[in-house]
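S.K.: Here's a sequence, model it:
(chains A and B)
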Amino acid sequence: MSPAAHQRLFAGLAVALIVLHVDTWNAGPGPLVLGWLPWDLAYHLAWMAAATFLVFYMTSGAIWPEDPDDP
Amino acid sequence: MSSLAAIGLVVAVYLAVTLVIGAVAYRRTAGTPEDYFLGGRAARTFVLFMALFGTNVTPFVLLGIPGLAYHQGVAVFGLNAAIVGLGIPLTFFLIGEPARRAARRLGAITPAELYAERFGSPAVGLALFAAFFLYTLPYMVTAVIGAGLTAEVLTEGNLSFGAASALILGITIAYTALGGMRATMWTNVFQGATFLGFIVAAFFLIADRLGGLGAATAAVQDRAPHLLEKTTAGAFAPGPWASWALAISLTVIAFPHMLVRVFAARDAAALKNVCRLYPVVLVVLWLPAVLFGVWGAAEIAGLQGKASDAIFPLLVARHLGPVLQGMALAGVLAAVMSTLDAQLLTLSSMLTRDVLRRLLPGLAPAREVVAARLFTLALSAAVFVLVLARPASLFDIAAFSFSGYVTLTPTLLLGVRWRRFTATGAIASIAAGNLALGLAFAGILPAPFGVLPVAWGLVAAIAGALVGTALSRPPPSHVVARALGPA
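M.R.: This next block holds a predicted model:
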């Protein structure tokens, strides 16, 4: 895949994730995950796990090249 | 030993270690501006991360977030923490990295210096200097006020508000003025470890005292079940939610004390690693902070309004011994000092590089460092006077400032990502963004879908940048190439 294609894929995934952050569908009561974690909190922790994977993709050479001037 | 003496001893050890680290850094600091202000641009992953994270985290996370969760429940995590796990690394990539490269290429030390050189326009540098300075000063004052009040509460009034504020400022001045960036970064490692270590320990210890994670949540289900649900009312409606997410994602890179720390990175690899660590450590800090507030609502009911900001210290006082109460106070002091030192150093570097050097072009490099130390002292004195005066408008100004930084992000982004972007566009962007923000705060501009004033400020700043650039001639290519490299 070309660098431009990687950047388009990254931008698309970032927009999708940002849309999923506005989670109006989670309003109201929900189950407890693992017996203690409220559903909305579990949802946003899962969202942050996805964001972490996306940040790892962003920091790969395909999206963010090294600086040849660095020491 | 009385519990008060134990608290005092723990805090004294924290302050002594901070001073020793500052003294060691001072002995390693050369007398050049680049070394004093940026630590020689040599910060590697761990120090860079702790410096950025420590600067980013304020007592608001330890006190204000549990206080909000006490009233509003677990949705506070989604509203305030989740989005920045993606937003802050994204701004480090889009703005921080190209700005770091340009600053290294030009030898620029302050953000205003970098952008003045990028546009070949002292006016852009002056506009950014004014905005950064006016937005940052109220922040410093409100942070010291918060820490001073907390110290007074946790020592049961034995350490007065004024004495606590003087102590915080005095210690921070000592290591910041002497050791510069290296001292602030090294102490940030210790300070970050202090508040992160304490909050993780407190999370498991308090959960254990409440009968375990399941029992703690069950108590909330019995007494305040609404706190375990997400609502879509007020700040949690889609309009305010989305505009707040936008604000907290964009504002951090526009803090001059954060951007300068990005300049101090040794290389792109260090900054990339910081991005990878950010969302993970955010969870470690924010998940306990939110749950303290929710658990506290079941455990200590009846706190009204801002009184709930004391819920974390109250839980600590009820369930943990005096040594850990001392750690709680040290954690709050660490959170305020790790931000305050960066702000003091950055504002003193701006006064030295962006103002004094323009007035005295022949200023010797060694004199710059002396001047910066004197500016640090003068700024601290001004902050202390404002802390004691506590003008009522100060917190309103700080609230405006938070959104005000966001209006600078189009200039910061386009300046390093768009070669056609002109000085006219930058000044139009800053002016239009702040004008619209002021009108929105005053209620003159409407709030469709409940969006916050910051949305108006950002839209106007983007429009100002585009219109100003369209109406002006492209900048000379050799000026742009000097900052951004060949096209």
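S.K.: Tell me the residues of the stretch 51-200 of chain B that contact chain A?
M.R.: Those residues of the stretch 51-200 of chain B that sit near chain A, judged by Cβ under 8 Å from any Cβ of the partner chain, are B:74-75, B:77-78, B:81-83, B:85-86, B:89-90, B:93, B:97, B:101, B:104-105. Quick note: C-beta positions are derived from backbone N, CA and C, even for glycine.
S.K.: The residue at minimal distance from the centre of chain A and chain B, how far apart?
M.R.: Chain A has residue A:51 as the residue nearest its centroid, 2.1 Å off, counting by Cα atoms, centre = their mean. Taking Cβ to the nearest Cβ, to the nearest Å as the measure, residue A:51 falls 4 Å from chain B.
S.K.: Counting neighbours, which bits of the host helix or strand of that residue end up buried?
M.R.: Here residue A:51, judged by DSSP states H and E, is contained in helix A:39-58. For helix A:39-58, burial by neighbour count (16 or more other Cβ atoms under 10 Å in any protein chain shown) applies to A:39-45, A:47-48, A:50-52, A:54-55, A:57-58.
S.K.: just stretch B:319-332 next, same as before
M.R.: So, applying 16+ other Cβ under 10 Å, buried residues of stretch B:319-332: B:319, B:320, B:322, B:324, B:325, B:326, B:327, B:328, B:329, B:330, B:331, B:332.
S.K.: Let me know the closest of those to residue B:26.
M.R.: Closest approach to residue B:26 among those (Cβ to Cβ): residue B:330, at 22.2 Å.
S.K.: about what we covered before: Serialize the buried residues of stretch B:319-332 to TSV and add fields for pLDDT.
M.R.: Formatted as TSV, those follow (pLDDT from 0 to 100):
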residue	pLDDT
B:319	91
B:320	89
B:322	88
B:324	88
B:325	84
B:326	91
B:327	85
B:328	90
B:329	87
B:330	93
B:331	93
B:332	89
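S.K.: ok, how many other residues are close to residue B:478?
M.R.: Residue B:478 has 8 neighbouring residues, counting by other Cβ atoms under 10 Å in any protein chain shown.
S.K.: returning to that earlier point: just name the closest of the residues of the stretch 51-200 of chain B next to chain A to residue B:175, please.
M.R.: residue B:104 (26.0 Å).
S.K.: Can you tell me which residues in chain A are near chain B?
M.R.: Close to chain B, as judged by Cβ under 8 Å from any Cβ, chain A has residues A:14, A:17-18, A:21-24, A:26-30, A:32, A:35-38, A:40-41, A:43-45, A:47-48, A:51-52, A:54-56, A:58-59, A:63-64, A:66-67, A:69-71.
S.K.: show me the contacts for residue 55.
M.R.: Just so you know, I chose chain A. Listed by Cβ atoms under 8 Å, 6 or more residues apart in numbering or on different chains, the contact set of residue A:55 reads B:85, B:86, B:89, B:275, B:276, B:278, B:279.
S.K.: if you could check chain B rather than the one you did, that'd help
M.R.: Contacts of residue B:55 by Cβ under 8 Å, 6+ apart are B:188, B:255, B:257, B:258, B:261, B:338, B:339, B:342.
S.K.: Most widely separated two among these?
M.R.: Most distant of those, by Cβ to Cβ, are B:188 and B:255, 14.4 Å apart.
S.K.: more neighbours, the two?
M.R.: Using other Cβ under 10 Å, the more surrounded residue of residue B:188 and residue B:255 is residue B:188, with 28 against 25.
S.K.: Now that one: closest residue in space that isn't a chain neighbour?
M.R.: Computed as Cβ to Cβ, 6 or more residues apart in numbering or on different chains, the closest residue to residue B:188 that is not its neighbour in sequence is residue B:54, at 3.7 Å.
S.K.: Same check on residue B:320?
M.R.: Going by Cβ to Cβ, 6+ apart, residue B:320 has residue B:205 as its nearest residue, at 6.0 Å.
S.K.: Was I right to think residue B:343 contacts residue B:258?
M.R.: No - between residue B:343 and residue B:258 there is no contact under Cβ atoms under 8 Å: 10.0 Å.
S.K.: What is the distance between stretch A:44-54 and the centre of its chain?
M.R.: For stretch A:44-54, the separation from the chain centroid amounts to 5 Å (computed by Cα atoms, centre = their mean, to the nearest Å).
S.K.: Repeat that for stretch B:125-140.
M.R.: On Cα atoms, centre = their mean, the centre of stretch B:125-140 falls 14 Å from that of its chain.
S.K.: pLDDT averaged over it, what's the number?
M.R.: What stretch B:125-140 shows for mean pLDDT is 92.
S.K.: residues in contact with stretch B:117-132?
M.R.: Against stretch B:117-132 from outside (Cβ under 8 Å, 6+ apart): B:102, B:106, B:108, B:110-113, B:115-116, B:256, B:346-347, B:350, B:354-355, B:358, B:404, B:408, B:411, B:415-416, B:422-423, B:426-427, B:430-431, B:434, B:475-476, B:479-480, B:482-484.
S.K.: Now, the residues you listed that are in helices?
M.R.: Secondary structure from DSSP state H places B:102, B:106, B:111-113, B:115-116, B:256, B:346-347, B:350, B:358, B:404, B:411, B:415-416, B:423, B:426-427, B:430-431, B:434, B:479-480, B:482-484 of the contacts of stretch B:117-132 in helices.
S.K.: And those residues, which of them are buried?
M.R.: B:102, B:106, B:111-113, B:115-116, B:256, B:346-347, B:350, B:404, B:411, B:415-416, B:423, B:426-427, B:430-431, B:434, B:480, B:483-484.
S.K.: Can you verify my assumption that residue B:229 contacts residue A:27?
M.R.: Yes - with contact defined as Cβ under 8 Å, residue B:229 reaches residue A:27; the gap is 7.4 Å.
S.K.: For the least confident helix or strand in chain A by mean pLDDT, what is the distance to the chain centroid?
M.R.: When each helix and strand of chain A is scored by mean pLDDT, DSSP states H and E, strand A:32-33 comes last, with a mean of 90. Centre-to-centre, strand A:32-33 and its host chain are 22 Å apart (Cα atoms, centre = their mean).
S.K.: Okay, now the sheet partners of it, with direction.
M.R.: strand A:37-38 (antiparallel) (DSSP bridges).
S.K.: Okay then, goodbye and thanks.
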